[in-house]
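> Kindly generate the corresponding structure for this input.
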Amino acid sequence: MVKITFAPVSTQKADKEREADTVVIAEAHEHMVCPVVSNKSFPTCVVCLSVGLLLFLSGLVLTCVFTYRHFYVPQQQIPEDSLFHCRVFYEDAIYAPLRGRQELEEKVGIFLEDNYEQISVPVPHFGGSDPADIIHDFQRGLTAYHDLVLDKCYITELNSTSVMAPRSLWELLVNVKRGTYLPHTYIVQEEMVVTGRVRNTRQLGPFIHRLCYGKDTYRLRHRSSQRQRIKKRETRRCHRIRHFENTFVVETLICELI
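Here you go, the predicted structure:
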């Protein structure tokens, strides 16, 4: 008698099928979940770093542009028709009447939109006068002298009777621009006395602030002829700056009491 049973076979097949199903599902689950997590984290970090670097560079560029425009006046941006190289012949009847005519050389920049003039006087050939940079700010009504020998700045009220307005001076220089020399002229003198020190040059406006920043700066006032006679014997130390900003040459005498 033969006995046949099928239970073990079906049980083994069922176990194999369950094992196979279990293995396939687990592997598929692992392969589907893990790469998705890693792909999300990497681009987020890169984007954050890129945005932060872009903001930092933008702030740095804006800071550089502001500093450059606030503290520097680039000569390359000045129109050519606003720059003049002047040479003036004049008669010196104050100190050297026997010398005959003398020559004054200077560079003039006229800024019509900002309503100010900038004058650069080099070392004179004849001596007796200091080289200087001068600014006439018509908007604030101030004049600044930077004596290049002393490396000091002097501030005074703008004298509109001896200094031509930017438009008028521009028209005068344009009319003589084709010639090498300006017409013969004469010299007048103004005497100034130091009255006190300026601690903060920012209050003087951006143009004078650029000229006098970091330098010893003092205020000036005009000395009347009566005070000159009264204090004739006082000890003074004076420096002369000769410049041209009208139809005549002006000699500014800056004096300090010793």
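> Name the spans of the stretch 151-258 of the chain whose pLDDT lies under the cut-off.
179-181, 224-235, 258 (pLDDT under 70).
> So which residues of the chain form strands?
For the chain, the strands defined by DSSP state E occupy 83-91, 101-111, 116-121, 132-137, 142-147, 152-157, 185-198, 216-222, 236-244, 249-257.
> Would you state the helices of the stretch 1-150 of the chain in chain order?
7-71 (DSSP state H, counting those that start in this stretch).
> hmm, back to that, looking at the strands of the chain, spot the one closest to residue 57.
Of all the strands of the chain, strand 101-111 sits nearest to residue 57, with 32.9 Å by C-beta to C-beta. Where you see a C-beta, it was placed from the backbone N, CA and C, and this is true even at glycine.
> who does the closest one touch, helix- and strand-wise?
Contact here means 3 or more C-beta pairs under 8 Å, 6 or more residues apart in numbering; DSSP states H and E; on that basis strand 101-111 packs against strand 83-91, strand 116-121, helix 166-175, strand 236-244.
> quick one: strands adjacent to it?
Using DSSP bridges, the strands paired with strand 101-111 are strand 83-91 (antiparallel), strand 116-121 (antiparallel).
> most packed of the helices and strands packed on strand 101-111?
Mean neighbour count, computed with mean count of other C-beta atoms under 10 Å, is highest for strand 116-121 among the helices and strands packed on strand 101-111, reaching a mean of 22.
> Keeping just the C-alphas, turn it into CSV.
Below are the C-alpha coordinates for strand 116-121, written out as CSV (Å, rounded to 0.1, in the frame of the first residue of the first chain):
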residue,chain,number,x,y,z
TYR,A,116,31.2,126.0,-7.4
GLU,A,117,34.7,126.7,-8.7
GLN,A,118,38.0,124.9,-8.0
ILE,A,119,41.3,126.6,-8.7
SER,A,120,44.7,125.1,-8.5
VAL,A,121,47.7,127.4,-8.3
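> List of residues touching it?
104-111, 129, 131-139, 163, 166, 169, 207, 241-245 (C-beta atoms under 8 Å, 6 or more residues apart in numbering).
> okay, the angle between that strand and strand 132-137?
Orientation check (axes from the mean of the first three to the mean of the last three C-alpha atoms, to 10 degrees): strand 116-121 against strand 132-137 gives 170 degrees.
> tilt between strand 116-121 and strand 142-147?
20 degrees.
> Between helix 166-175 and strand 116-121, find me the angle.
On the basis of the same axes, to 10 degrees, strand 116-121 is oriented at 50 degrees to helix 166-175.
> So residue 215 sits against residue 151, correct?
Yes - the pair formed by residue 215 and residue 151 meets the contact definition of C-beta atoms under 8 Å, at 6.0 Å.
> Select, out of the strands paired with strand 101-111, the one closest to residue 52.
strand 116-121 (42.5 Å).
> Would you quantify the distance from residue 85 to residue 177?
As judged by C-beta to C-beta, to the nearest Å, residue 85 and residue 177 stand 10 Å apart.
> Identify the residue spatially nearest to residue 183, adjacent ones excluded.
residue 176 (7.3 Å; C-beta to C-beta, 6 or more residues apart in numbering).
> Near the one you found, how many residues? Count them for me, please.
A count of nearby residues for residue 176, using other C-beta atoms under 10 Å, gives 14.
> before we move on, what about residue 194?
Neighbours of residue 194 using other C-beta under 10 Å come to 17.
> ok, now residue 211?
Using other C-beta under 10 Å: residue 211 sits among 23 other residues.
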